[in-house]
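A.B. asks: sequence first, predicted coordinates after that:
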Amino acid sequence: MRGENIMDDKETKETKNFLYGFYALRFYLPFSGLARSWQRFWKKRLNKKSQLLQQINLPKISWKKCTPVRKIKIWETETKNGNVRISELAMLNALAAHCEDGANIFEIGTFDGRTTLNMTFSSSSNCRIYTLDLMPEMETRFNLAAGERHMVEVKVPAERLMKHLEAGEQAVQKIRRLFGDSAKFDFSPFKNSCSLVFVDGSHAYDYVKSDTRNAMKIVKPGGVIVWHDYGIWSGVTKALEEIEAEEKIGLRNIRGTSLVFWKKV
Ligand SMILES: C[S@@+](CC[C@H](N)C(=O)[O-])C[C@H]1O[C@@H](n2cnc3c(N)ncnc32)[C@H](O)[C@@H]1O
């Protein structure tokens with residue numbers, strides 16, 4: 001009887017994870033995307049400038065063109081200031097689920113580990129998830145963006161991840177935490193080895209440029225880079241638009257999100 005209850009519990013949880021994934025991409029994404037376009041429209045009309053929402057110029061792409069995965073699960077649904085939106089999490093999970101078994105996935109910027117965990121649970125069992133984070137006492141090569149220190153100076157770094165580690169979950173063993181300033185970190189051991197790179201560290205222009213250069217080195221041909229906070233943090237928006245204007249590599253904003261998508265050929 002007890003065994004049956006445990007199975008029921010597991011199935012109920014899995015169904016919930018799927019329902020959240022469905023809701024995130026089919027409802028939350030289009031409506032929240034519309035809301036943001038509406039905000040941008042009025043900002044432009046009223047000629048309002050604000051630190052945290054810019055006009056955007058990169059061409060758009062539908063999430064369906066970025067991944068063939070349609071059934072997507074989501075874990076850790078509660079969002080904290082500093083996390084990605086639930087629609088963005090679903091998108092990242094779809095990309096992680098599409099990585100081949102044994103693939104390397106690399107995240108710049110761990111925060112509480114919500115996306116790390118989601119990519120871990122979504123990907124095949126032999127994948128490795130690397131997540132790099134700056135610790136508060138570490139010196140940085142460039143200045144961080146104004147207003148982002150609170151994401152570095154958290155009470156418990158990678159708090160959600162620690163919770164799952166303490167619970168002794170097997171899947172979490174796929175994660176390797178790395179510590180350092182992304183502009184000083186030695187990425188060379190990862191050269192051309194990653195199937196998915198998620199750039200979500202500092203939002204300062206210099207960091208986005210430097211993290212992008214490194215992400216492009218470590219992603220393998222056929223692999224994908226995703227950036228967060230395009231159109232939200234001015235440093236991210238400026239750096240990515242500048243790269244696209246200068247290099248015409250085909251950066252695309254995933255419609256309805258602040259994610260930018262690029263596939264290495
Ligand atoms: C926006 S949060 C990341 C959110 C996380 N990826 C998620 O999806 O929930 C930014 C993270 O980048 C880290 N960070 C900021 N500057 C960094 C740097 N120079 N090098 C490495 N990590 C950095 C911060 O410590 C913080 O954990």
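C.D. replies: Right, received. Where do you want to start?
A.B. asks: ok, stretch 225-244 near the ligand or not?
C.D. replies: No: judged by CB under 6 Å from any ligand atom, stretch 225-244 makes no contact with the ligand; its nearest approach is 6.7 Å. Backbone N, C-alpha and C define where each C-beta goes, glycine included.
A.B. asks: for that stretch, how far is the first residue from the last?
C.D. replies: End-to-end distance of stretch 225-244 (CA to CA, to the nearest Å): 14 Å.
A.B. asks: can I assume Val236 is in contact with Glu242?
C.D. replies: No: using CB atoms under 8 Å, Val236 is not in contact with Glu242, being 10.9 Å away.
A.B. asks: so which of these two has more stuff around it?
C.D. replies: Neighbours were counted for Val236 and for Glu242 using other CB atoms under 10 Å; Val236 has more, 28 against 13.
A.B. asks: phi, psi for whichever residue of the chain sits closest to the ligand please.
C.D. replies: The chain approaches the ligand most closely through Gly109 (2.8 Å), counting by CB to the nearest ligand atom. Main-chain torsions, Gly109, degrees, to the nearest 10: phi 100, psi 90.
A.B. asks: any idea of the pLDDT on it?
C.D. replies: For Gly109, the pLDDT comes out at 98.
A.B. asks: just give the number of residues close to it.
C.D. replies: For Gly109, using other CB under 10 Å, the count is 24.
A.B. asks: how near is it to Ser258?
C.D. replies: With the distance defined as CB to CB, to the nearest Å, Gly109 ends up 14 Å from Ser258.
A.B. asks: what strand or helix carries Ser210?
C.D. replies: Using DSSP states H and E, Ser210 maps to helix 205-218.
A.B. asks: mind listing what's buried in that helix?
C.D. replies: For helix 205-218, a neighbour-count test (16 or more other CB atoms under 10 Å) marks 205-212, 214-215, 218 as buried.
A.B. asks: ok, so of the residues you listed, who is nearest Lys163?
C.D. replies: Comparing the buried residues of helix 205-218 against Lys163 with CB to CB picks out Asp211 as the nearest, at 27.1 Å.
A.B. asks: the helix holding Ser210: what's the following helix or strand?
C.D. replies: Once the chain leaves helix 205-218, the next helix or strand it forms, by DSSP H and E, is strand 219-227.
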